[in-house]
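In: Sharing a model prediction with you, sequence too.
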Amino acid sequence: MKHVTYRLQSAQIRRQWIFSALFVAQGSWLLYRGSIFPMDVRTAVGLALGVLLIVFGLCWARGALSSVSFNEREIWWTGVLGSRTRFAWADITNVEVGKNRDRADSGDVVRITHRDLGDFKLPAVIGMPRAWRDPGFEAKAAHIIATWRDAVTATSGPAA
């Protein structure tokens, strides 16, 4: 099997941009209205646009760089700023779908548990709630879990 790669869906990247813009706009308004430093409107708008460009850049980087790849021997993923993590399937003790946070409206994520290093959430396989949900999330998660199970079964041999 050649390697498979999953990335964030364009709707999920758009969601990051929208909520980031709203967050920056609200923060800028609060900074302008409640600032202990004297600030005119032009400075507040300039500061807001500068921060907005940085946030959009980070969202673009996450969308462009975040990915999860795997083959029959290992899984690897690239995080927000290009950080890469790679594990052999034999070192992973569990792969499961769970909630991102302990709330009913929280998105679903795929968690892997490394034998020594603990739990990790896979970055580009995210089942956000409602309209932002990746329509292929369940299939992608099932594919990752099946590949892990096949790899663990192949390395441990048939049960007696």
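Out: Great, that's in hand.

In: Every contact and neighbour count from this point should use C-alpha atoms.
Out: Will do.

In: Distance check, the most centrally placed residue in the chain against Arg42.
Out: In the chain, the centroid-proximal residue (C-alpha atoms, centre = their mean) is Pro123; its distance is 2.9 Å. From Pro123 over to Arg42 the distance is 38 Å, taken as C-alpha to C-alpha, to the nearest Å.

In: quick one, what contacts the nearest residue to Ser67 once chain neighbours are set aside?
Out: In this structure, Ser67 finds its nearest non-sequential neighbour in Arg7, 4.7 Å apart by C-alpha to C-alpha, 6 or more residues apart in numbering. Applying C-alpha atoms under 8 Å, 6 or more residues apart in numbering to Arg7 gives the contacts 63, 66-68, 124-125.

In: likewise Arg73?
Out: The contact partners of Arg73, by C-alpha under 8 Å, 6+ apart, come to 88-90, 151.

In: try Thr147
Out: 71-72.

In: what does Asp119 give?
Out: 111-113.

In: just to confirm, which helix or strand has it in it?
Out: For Asp119, the host element (DSSP states H and E) is strand 118-127.

In: Ok, Trp76 next?
Out: In this assignment (DSSP H and E), Trp76 forms part of strand 74-78.

In: same check, this time on Ala142
Out: Ala142 belongs to helix 137-156, assigned by DSSP H and E.

In: which parts of that helix are buried?
Out: Neighbour counts using 16 or more other C-alpha atoms under 10 Å place 137, 140-141, 144-145, 147-149, 151-152 of helix 137-156 among the buried residues.
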